[in-house]
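Student: Here is my input, please return the structure:
(2 chains)
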Amino acid sequence: MLPLNHDKYSWYQILFLPIFFNGILTVHLPVVGGLLSAHLLSKKAGVEVEVGWPCSGPLLRMAEEAARKLLPAFQTPTGMPYGTVNLLHGVNPGETPVTCTAGIGTFIVEFATLSHLTGDPVFEDVARKALKALWKNRSDIGLVGNHIDVITAKWVAQDAGIGAGVDSYFEYLVKGAILLQDKELMSMFLEYNKAIKNYTKFDDWYLWVQMYKGTVSMPVFQSLEAYWPGLQSLIGDVDNAMRTFLNYYTVWKQFGGLPEFYNIPQGYTVDKREGYPLRPELIESAMYLYRATRDPTLLELGRDAVESIEKISKVDCGFATIKDLRDHRLDNRMESFFLAETVKYLYLLFDPDNFIHNDGSVFDVVITPYGECVLNAGGYIFNTEAHPIDPAALHCCRKRKEEQWEVEDLMREFYSLKKNKKFTLKRASDHGEGERAKDPEDAPSEKGGEKRNFKKSSHSLLSCPSQSFNSKLAVLGQVFLDNT
Amino acid sequence: IRAKDVTMPAKLPVNFFSTRSPVIDLFRGQLDYADHLRQDSEIVLYFFYAPWCGQSIAAREEIEHVASRLSDQVLFVAVNCWWNQGKCRKQKHFFYFPVIHLYHRSFGPIEYKGPMSAVYIEKFVRRVMTPLLYISSRSKLLDFLSNYEPGVLGYFEFNASPQPPGYLTFFTSALHSLKKDYLGTIRFGVITDKRVAEEISLVRSGSVYLHRHVNTSLIYPNDIMNYTAENICKWALENREMLIRWLRPHGGKSLLLNNELKKGPALLIFIPYNPLSEIHPLLDEITKVALEYHNCNKSQAAEPDLQHLGDTDSPAFDSSVPDAHMKLSETFSITKYPCCNTVVLPQWHSISRTHNVCELCINQTLGVKPNKVHVPHCNFLEIEAALDSFYLQEHTFFQVISNTIECSNFLSFYSPFSYYTACCRTVNRHFLSFISSEKTIFQTPKVAFSSHGKKGNTQHSIPHIEDRNCFIPDLHITGTNITGLSCRTNKTLNLYLLDSNLFWIYAERLGASRSTHLKEFAAIVDLKEEVHYVLDQNRSLVGPTLENFIKNFSILYSPLKRHLVDDPSVHFHEQRVITEVTTNTFHDTVFLSEKNVLLLYYAQWCGFCASLNHIFIQLARLLPPDNFTVARIDTTQNDLPWEFMTDRLPTILFFPHQRKEQSVKFPEDISVNLPNLLKFILHHSRLSSSEPCTKECLHKETVLQQGHISHLEREIQKLRSEISALHQAHDQLEAQLSEARREEHRLQQQKHALEKQHKTLQLHSERLQATYDQKNQELLEMAEKLQELADASENLLKENTLLRILVASREGRLQSKDEIKESLQSEQTLSEENDISVSTATATLEEKRIDNIDTIETEHSSGNRTE
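Tutor: This next block holds a predicted model:
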């Protein structure tokens, strides 16, 4: 969450100072997410909001303006954006077309939120187009690589895994599916998930493989990969999540942190990748898993993280990056995600009653000029920089308006005794918004179509499996194997 | 600006334990000194820690506590094994912290892997201090044997030498077992008294005996396995009897429960356990039940053990117990062996009138699944093999044995997997005539046999090869008796103990009350059937209740009800928009209520559920509260009867009023939104009200209309607030408009000012243009003048050439007129001087011209700038 400054223009100034943000997208996107999140939380934070809130507001306008400056990056033949865009002049002529997968697939949460709140569909459209382009370019065995050329759609780095370079792509497929109730995004993720399980998963570790052949290229665990168990728990794969989490926890126990790369067969750090910049991913997963299992082991990790941070990285003016986990040498820097994410997730892990964990038992009612909205009913989606987005706000600004009169008509039926009308339920299309799913070619069914259709008929993609009986006893490190 | 490549080394290590602590803290990782310290003490405990490690910090207090109790006998050394300058870090490579190593003199390290709690650590340290128990009397022996945990006994004759052969190996094997079996379940004892040893038929010094309650006890097969510490330990671990097992998950990733519970239904008993305590009455009671349960022999063989268990607290029970009782203590009827053969050994001495008669049985302990109905066949080959093995060891059975029967086990000569049991007694010669009726010898209840038993199941008599004699076992099943129940049921339970001080969380998750202070709990978990049953927590956990629990589980039409865990933290809130349903309130809320019920199954962790919260809240606020309940149930916290369980979340069920049994499910492929939910409800709640209109119906209609009116009123209220919001928005817009107008006005003014400024600038520019033109003119004039000058210089040049020509002509004239040379000499010099002066003049002129052009250029550019 960005601090809500009283002088709202100070942010504006920083944001549009070309020298400060020299056009780097990956610096820029968090700003959009941060502004959106701050916009949605501003009322709760005690800021006096304008009447049209949450569908209008100064922070929202800033976010919109910032996002518009990113749109030129999406003007490529494939629809996949450049990695870098100059905020003043658009894409530089000599710009490299090579972008990491995550840099392409990490827009949907912010941009869809923006589109829902402002009513301008352009943001969601470009984000979806980029996602579909990636989906189209996956390998025959269903994997994506690390870096791609956005002009030619050729994979430049062909290592497939779940960590650096790809991580937030998968994260946003799931979070996008949840936020937008979107089956298409979810079916993409489930297909990827299947391939990832088939080719990269060994003994509850996830390795790096060649994206076309599926052969192991790097038997390492990356610190960034530790978000995966948390993601799995969101879609109900709690057993697998816990098993992988316990593997990662052993690495923490060995070093007091997670090295950027950990060689699994050797059981040690990888040369030049021994640092731990106080990343949040493992703690993030612990927070999600604690929601699901209430396993004290997860609090134990929290305790270990607090001890490590205090004992190793605390210096006079902050908390320093650990340069080398082998001897706990410190670097002369503190990463922004330490405060924005690591500390936040740690706090939330130990504060189960925080409003962020709201299970829907409390909520706010907001009167807008367009009608009454229910907000803050829980189910917050964290963007990849740990800025929470309230799904109810998205509904409030778009769907609710569309549904309002239909709901009104239906309510009248409840009070009439005549039953001349038949009520049939409309099948939902794959897409979050039915009318815009016009491109059948892009639909994910193009490859393993038949299989998916079969699966779809058995249960909704937008659901989690119930927890099995043995999950009652799957705490304190105990794991159970499937009976299959 | 931040300096790059500046790093700071880790902080220097400091004391981890306080200086007053009984633990020696080598916080600089001085491993060499730690090794040196070991020489001073018989028992040393090393605590290898990392100062940043949470688990090390948590264990520190526990270690200190143990150290304060044992510091006079044990040396406690803590070593920082993290600091990279320290010796320890350089030499040891640990994957976790803390690591606890124990040394018994030179033996070690023995790693402690148990719970990091002071009592458990202390118990373990004490085990390392005294790995062997000294069994000096019969009562101690009985004590030792009655324990539910497996025991290994060695008999060593100390009279001959202070250290009888094999004793050291046995001692080491006891220590060794602690390495493998860190829970210390196998106890090691040593018998020094020959008479005591005889009680368990150990006669030779150096023999090792593994006591088992239900199965046949074993003697270490010296001749087959080498007599080493590792082998003894391995043998004991492999052959030990686990009637009831402690489960102590270590906290790391583990399949312990998975592996144990997949074996079949399990009875988990949670009791608070203090490993240091001398007496455990509750545990004794439980193990008594366990022994009974597994005791499949109708001869009540385990009875004396059990009696002793029950009497542990009675001080009267000591070595004064008569022999007869002792003998009985380990009695079994041989009838349980399905496959036996009687062998009459040749006379020991020709003059002797006695014979040794042995009953040779195949001991099928291994390879027989306890719960499988199995009819063992007496294979001819097997009996042959048994006889062969027997004859090879015949000599051991020749010595005169007393009137009692003594049994011993020996391994098959051929296969390491079968054991034979031979029970022999010496009989008078004339007895042999009755050999055909040896049944009487072996089956008279008075005749005692040494401790041997077997966990058999159905026993069938099989004709003997030699004398076709059969033993017909008692097949009578006592339906309500727990004794041997494990063999009589096809729902055999495995019994487990858990320390509720450490693992109460499992009990809570199986439904144990969270508020109770007495942490005793028992549950039967059947992983395959996905059910569990719970022993009523209001009844105290004692032997009989436990027995009943087991019996109720085992019988055909079990009265046990599947336990449904319910979320105790949910309290009923009348004012909540959505009714939170739990296991306990499910029936009342859904079935007994007079309303239509829409029930949402959800889990807090499932992303797809949480993002629907606001839709259900809206729905609940819309629906007429008199007729509809919107409810939800957290399926992670609340179990439901099978018929109401779902496999996916979220699931939405609708229970129409008056037809609650005909619940309908919201179709999964339809997106969950307000209109769809309303249509779904309308579609399914409709059918009920299709009867012709009566008086009641009219009443209903009024109620409905009243509901409608209040709904509309609410709507109006909402619209009013919407209007006021719109007004506010209007005001805001108005304000923004006037602001904009003001802004426009200001801009207009600014525009005027700018225009004025523009005009003056234009004037200024014109003026500048004029001066520019003027300057230009001047420059042109200057250029003209320069041109003139240039022309003048050109004239001069021309003159110069003319002069040269003149000079040349004169020279020509001079040449022609050689005679007048002298006079012409002076004239030539003069003309040369003239030439030089002319050329310098042209050079200066040219320079001037360049300067002029420069100034023009600079003027031009300055003119541009001003424009």
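Student: any idea which element the residue nearest to B:S593 when sequence neighbours are not counted lies in?
Tutor: Closest residue to B:S593 apart from its sequence neighbours, by Cβ to Cβ, 6 or more residues apart in numbering or on different chains: B:T629 at 6.0 Å. In short, each C-beta sits where N, CA and C put it, glycine included. Remark: B:T629 resides in strand B:628-634, with elements defined by DSSP states H and E.
Student: residues of that strand that come out buried?
Tutor: B:F628, B:T629, B:V630, B:A631, B:R632, B:I633, B:D634 (16 or more other Cβ atoms under 10 Å in any protein chain shown).
Student: Alongside chain A, which residues does the stretch 401-550 of chain B contribute?
Tutor: Within reach of chain A by Cβ under 8 Å from any Cβ of the partner chain, the stretch 401-550 of chain B has these residues: B:F503, B:I505, B:Y506, B:R509, B:L510, B:V525, B:L527, B:K528, B:E530, B:V531, B:H532.
Student: Kindly reformat those residues as CSV containing distance to B:L75 and secondary structure.
Tutor: Output for those, formatted as CSV (distance: Cβ to Cβ, whole Å; DSSP: H, G, I helix; E, B strand; the rest coil):
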residue, distance to B:L75, secondary structure
B:F503, 32, helix
B:I505, 35, helix
B:Y506, 37, helix
B:R509, 41, helix
B:L510, 43, coil
B:V525, 44, strand
B:L527, 45, coil
B:K528, 50, coil
B:E530, 51, coil
B:V531, 52, strand
B:H532, 47, strand
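Student: Among those residues, which one sits closest to B:H587?
Tutor: Taking Cβ to Cβ as the measure, B:V531 is the one of these closest to B:H587, at 19.3 Å.
Student: Now do the contacts for that closest one.
Tutor: Going by Cβ atoms under 8 Å, 6 or more residues apart in numbering or on different chains, B:V531 touches A:F469, B:R562, B:H563.
Student: you'd agree the last one is in a helix?
Tutor: Same thing as B:H563. No: secondary structure assignment (DSSP: H, G, I helix; E, B strand; the rest coil) places B:H563 in coil, not in a helix.
Student: How much space separates it from A:S139?
Tutor: 49 Å (Cβ to Cβ, to the nearest Å).
Student: next one: the second one
Tutor: Counting by Cβ to Cβ, the gap from B:R562 to A:S139 is 48 Å.
Student: If you count surrounding residues, which of these two has more?
Tutor: Using other Cβ atoms under 10 Å in any protein chain shown, the more surrounded residue of B:R562 and A:S139 is A:S139, with 18 against 14.
Student: any idea where the helices of the stretch 1-150 of chain B begin and end?
Tutor: Secondary structure of the stretch 1-150 of chain B (DSSP state H, counting those that start in this stretch): helices at B:31-38, B:54-70, B:87-91, B:118-129, B:138-146.
Student: Per the annotation, how does chain A divide into domains?
Tutor: According to the TED database, chain A is divided into the following domains: A:14-218+A:368-399, A:220-352.
Student: The shortest one near chain B anywhere?
Tutor: Yes: under the criterion of Cβ under 8 Å from any Cβ, domain A:220-352 makes contact with chain B via A:233-236, A:238, A:243, A:246-247, A:250, A:253-254, A:256, A:267, A:288, A:291-292, A:296-297, A:300, A:303-304, A:306-308, A:311-312, A:315, A:320, A:323, A:326-333.
Student: now swap in stretch A:178-185 and tell me
Tutor: Yes: using Cβ under 8 Å from any Cβ, stretch A:178-185 reaches chain B at A:I178, A:L179, A:Q181.
Student: Pop out the phi and psi values for the last one.
Tutor: Pointing back at A:Q181 there. phi 50, psi 50 (degrees, to the nearest 10).
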